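Student: Using only what follows, build the 3D model:
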Amino acid sequence: MAKKPNPNKKNNQNARKSFGKFMDKKNERVEKKNDRRRDKERLEKMNQGTTGGKWMDDGPVRLNRYIALSGVCSRREADELIKKGEIKVNGKKCLEMGTKVTPGKDKVVYANRELRIRKFIYLLMNKPKDHITTVKDDQGRRTVMDLVRKYTKARVYPVGRLDRNTTGLLLFTNDGELTEKLTHPSFQVPKIYQVRLDQNVPQEHLDQLKKGVELEDGFIKADRIDYVDGGYDNEIGLEIHSGRNRIVRRMFEHLGYRIVALDRVQFGPLTKKGLGRGTCRALEDKEVGWLKMLK
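Tutor: Numbers count the residues shown, from 1 in each chain. Predicted structure coming up:
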């Protein structure tokens, strides 16, 4: 005897599918909520000086490293300060490059200010539009620092810059040595951008940008470039390591395009995953390690 079809079976299947989608969204919301909670806890600990970098050990360290860890400058710049006699150790000018000092015991002074080793802080922001990448703006415009102050009381600074209307990843830290490394052209930190243009881009122009173009400040080429998966022919993904001013905009302007939207989606090994627009998160120790190991 043939089994009678169950008229509710299809409805039940659809209900299970709908419920499955609902649960997926619910789990996603819970996961995001937990991520925000963990980020908040990490930021609180970081501001209390219990994470986001390591204190020096109790033993003596080279003077240039001590100066760099105080946040004044990089080790290379610290060597120059020592050479010029601008550093005092225990009240006396120090001109010897290999001098070692003991944190908490020796007194190191620069520009009439005692230097103390600082707790390093590393914050990653998903920058929104209409914010200037500067510490202070004389015209009273919104800056990225207005957003950072919600996350830390420490004095941190942006690593590099993004244009006012460029969105995406921007790193902040008080680690002067890492800042110099990430912004120095020789380190060639890879960055990935998603670009939306005012008109479609033919393949020949992508090939041209990959081969390179000559701008007013020198030759430049894309490391990788292609159409965005699932996007239109005016949506381009671009990887580049140069940190030259407005370089992505100028590359496309050179070929007669106007950028409608520009978003930095990756900086070195760091991505925007789980980071809402206009928000920050503290880097994990392994992420700081990745940045410091960049060649």
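Student: Which residue would you name as the spatial centre of this protein?
Tutor: Centrality entry for the chain: nearest residue to the mean C-alpha point is Leu171, 2.7 Å, by Cα atoms, centre = their mean.
Student: wait, what's in contact with that residue?
Tutor: Tyr122, Leu123, Leu124, Met125, Pro158, Val159, Gly160, Leu182, Phe267, Leu270 (Cβ atoms under 8 Å, 6 or more residues apart in numbering). Quick note: C-beta positions are derived from backbone N, CA and C, even for glycine.
Student: With Val213 instead?
Tutor: When contacts are counted by Cβ under 8 Å, 6+ apart, Val213 touches Phe219, Ile220, Lys221, Met251, His254, Leu255.
Student: For those, pick the one with the most neighbours.
Tutor: Of all those, the most densely surrounded is Met251 (25 neighbours; neighbours counted as other Cβ atoms under 10 Å).
Student: Wait, a helix at that residue?
Tutor: Yes - according to DSSP: H, G, I helix; E, B strand; the rest coil, Met251 belongs to a helix.
Student: For it, give me its contacts.
Tutor: Per Cβ under 8 Å, 6+ apart, neighbours of Met251: Leu209, Val213, Leu215, Ile220, Ala222.
Student: do the same with Gly276
Tutor: Neighbouring residues of Gly276 by Cβ under 8 Å, 6+ apart: Asn126.
Student: On the three-state scheme, it is what?
Tutor: Here Gly276 is coil, with the state taken from three-state DSSP.
Student: pLDDT at it, what is it?
Tutor: pLDDT recorded at Gly276 is 95.
Student: hang on, isn't Asn165 packed against Pro128?
Tutor: No - judged on Cβ atoms under 8 Å, Asn165 makes no contact with Pro128 at a distance of 9.7 Å.
Student: where along the stretch 1-150 of the chain do the helices fall?
Tutor: For the stretch 1-150 of the chain, the helices defined by DSSP state H, counting those that start in this stretch cover 9-47, 63-69, 75-83, 144-148.
Student: comparing those, which gets the lowest mean pLDDT score?
Tutor: Among these, helix 9-47 scores lowest, at a mean of 54.
Student: got the phi/psi numbers for the residue nearest to Leu115 when sequence neighbours are not counted?
Tutor: Among residues not flanking Leu115 along the chain, Ser70 sits closest, at 3.9 Å (Cβ to Cβ, 6 or more residues apart in numbering). In terms of degrees, to the nearest 10, the main-chain angles of Ser70 are phi -80, psi -10.
Student: which residues sit in contact with Ser70?
Tutor: Counting by Cβ under 8 Å, 6+ apart, Ser70 has contacts Val108, Leu115, Arg116, Ile117, Arg118.
Student: ok, 10 Å please
Tutor: Ala78, Pro103, Val108, Tyr110, Arg113, Glu114, Leu115, Arg116, Ile117, Arg118, Asn174, Gly176 (Cβ atoms under 10 Å, 6 or more residues apart in numbering).
Student: which of the residues you listed lies closest to Asp146?
Tutor: Nearest to Asp146, judged by Cβ to Cβ, of these is Asn174 at 17.9 Å.
Student: My understanding was that the closest one contacts Ala154; is that so?
Tutor: Yes - between Asn174 and Ala154 there is a contact under Cβ atoms under 10 Å: 6.0 Å.
Student: Common neighbours of those two, please.
Tutor: Listed contacts common to Asn174 and Ala154 are Gly52, Gly71, Arg118, Lys119, Phe120, Ile121, Leu123; contacts here mean Cβ under 10 Å, 6+ apart.
Student: if we take those, which one ends up nearest to Glu204?
Tutor: Scanning the shared contacts of Asn174 and Ala154 for proximity to Glu204, where the rule is Cβ to Cβ, the winner is Leu123, at 41.1 Å.
Student: Before I go, just wanted to say thanks for your time.
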